[in-house]
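Colleague: here's a sequence, model it:
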Amino acid sequence: MSRTAWIEIRPLLIAALFLLGAVGCRPGGERPPRRDRIVRIVVIGEAEDEPTWAVVQATAAAFVRNNPLTHVVTRAPRTASPSAQQDLLRALEQEEIDAACIHPIDSASLREMIDVLSQRGLPIVVFGRDVHTSKRGSYCGPSDFEIGQKSVEAAIRVLAHRAKSIILLHGGLDLEDRSKRYYGFKQGLSQTTGVTLLREVDCQGDPFTSVRLVRIESRRYPRAGCWVFLDDWPLRALRDDEPLLSLGATFVLCHGSPRYFERLRDGEVQAMIGYDYQKAVSESLLAAMRMVEDRTGGFSPVVDVPVEIVTAEQLPDYEARWKAWQRGEPSPQRQTEPSGK
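Modeller: Reported below is the predicted structural model:
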């Protein structure tokens with residue numbers, strides 16, 4: 001080929017290569033916009049001493065490896081503290097970042113700060129625990145309503161060889177974050193026969209109040225089949241090795257943290273309601289990147305991560321998945337839940 005011909009063809013080749021480089025994979029076959037600058041995302045976890053923290057760090061590192069021109073910083077309070085999370089969120093007002101993801105410890109305490117940052121143009125993605133009625137741009141995690149429904153299914157399994165009665169511990173109806181779980185539980189119970197709801201105990205989401213109320217009501221109803229805790233409120237006020245109920249009493253826990261695996265192993269907890277935490281974190285990072293790249297908002301504001309029942313039988317599988325998530329490895333194949341109730 002002559003030098004003149006090469007000069008004529010060269011611009012066409014450059015244009016073709018440019019178009020190929022701009023094409024990437026997106027759900028639905030969409031083409032992402034060409035990236036010409038770094039997208040800076042801050043991820044705020046629950047706490048450095050929570051099992052979720054290692055998953056946040058490992059998932060963020062994997063996300064950066066797989067998404068060039070993306071910079072992710074992970075932060076968390078040293079120990080779980082809603083006020084410390086507020087401070088971390090407030091500090092973002094002074095930083096040059098493009099988006100933030102956060103796993104709330106307590107939804108109500110963050111709602112105002114999320115609204116302030118969102119109104120100032122910073123995309124906020126919430127994962128793991130939703131902040132209902134806030135101006136967050138996206139939520140990635142389990143449905144609170146589905147958690148409540150699933151807790152009834154779990155309780156029915158627990159009651160197969162126990163008294164067919166339940167005591168419910170809930171956090172009140174004044175906050176949508178808590179009421180959605182309550183109404184999910186009530187709907188699930190309405191579709192069930194042969195099970196009696198003995199008592200509803202409202203702890204207002206306070207850990208120390210919940211411990212006191214649970215112990216009082218357990219003495220009043222010693223023959224109850226099981227409790228259903230719509231969150232881990234009473235366990236937050238106890239040492240990891242401190243029992244909550246008397247020997248033989250048990251509960252279904254709407255929380256899937258490895259912090260409570262030993263309680264499941266020793267039988268105090270009969271079933272946990274968990275979900276794929278790694279997926280919630282990775283989806284939140286993808287949502288944050290989408291919100292930065294596409295301000296038109298042409299995507300779903302909620303990415304639902306299905307919930308699952310974890311009993312002692314499923315615990316080895318669930319525990320192995322958590323360890324893989326903490327190492328930043330792909331999740332092992334999930335053991336199928338038994339179909340029967």
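
Colleague: need the helix or strand of the chain with the lowest average pLDDT.
Modeller: Counting by mean pLDDT, DSSP states H and E, the chain has its least confident helix or strand at helix 3-22, which shows a mean of 36.

Colleague: could you point out which element follows that helix?
Modeller: Downstream of helix 3-22, the next assigned helix or strand under DSSP states H and E is strand 39-44.

Colleague: that following strand pairs with which strands, parallel or anti?
Modeller: Sheet pairing for strand 39-44, assigned by DSSP bridges, gives strand 70-75 (parallel), strand 99-102 (parallel).

Colleague: could you dump those into TSV and include distance to R236?
Modeller: Any C-beta I mention is one placed from the backbone N, CA and C, and that applies to glycine too. Formatted as TSV, the strands paired with strand 39-44 follow (distance: least, CB to CB, whole Å):
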stretch	distance to R236
strand 70-75	21
strand 99-102	19
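
Colleague: pick the most buried one from these.
Modeller: Most buried of those by mean neighbour count (mean count of other CB atoms under 10 Å) is strand 99-102; its value is a mean of 28.

Colleague: contact partners of that strand?
Modeller: For strand 99-102, contacts defined as CB atoms under 8 Å, 6 or more residues apart in numbering pick out 39-44, 85, 89, 92, 110, 114, 117, 122-127, 281, 284-285, 287-289, 291-292.

Colleague: in strands, which of those appear?
Modeller: The members of the contacts of strand 99-102 that map onto strands under DSSP state E are 39-44, 124-127.

Colleague: quick revisit: who wins for proximity to T196 among the strands paired with strand 39-44?
Modeller: strand 99-102 (39.7 Å; CB to CB).

Colleague: helix, strand or coil for Y182?
Modeller: helix (DSSP: H, G, I helix; E, B strand; the rest coil).

Colleague: can you tell me the SS state at L264?
Modeller: helix.

Colleague: could I get the contacting residues of it?
Modeller: 270-272, 310-312, 315.

Colleague: please report how far it lies from P207.
Modeller: The gap separating L264 from P207 is 20 Å, by CB to CB, to the nearest Å.

Colleague: A237 now?
Modeller: 4 Å.

Colleague: how about the helices in this protein?
Modeller: 3-22, 52-66, 82-91, 107-119, 144-158, 176-190, 207-220, 233-236, 261-265, 277-293, 315-327 (DSSP state H).

Colleague: out of those helices, which gets the lowest mean score?
Modeller: Mean pLDDT per stretch puts helix 3-22 lowest among the helices of the chain, at a mean of 36.
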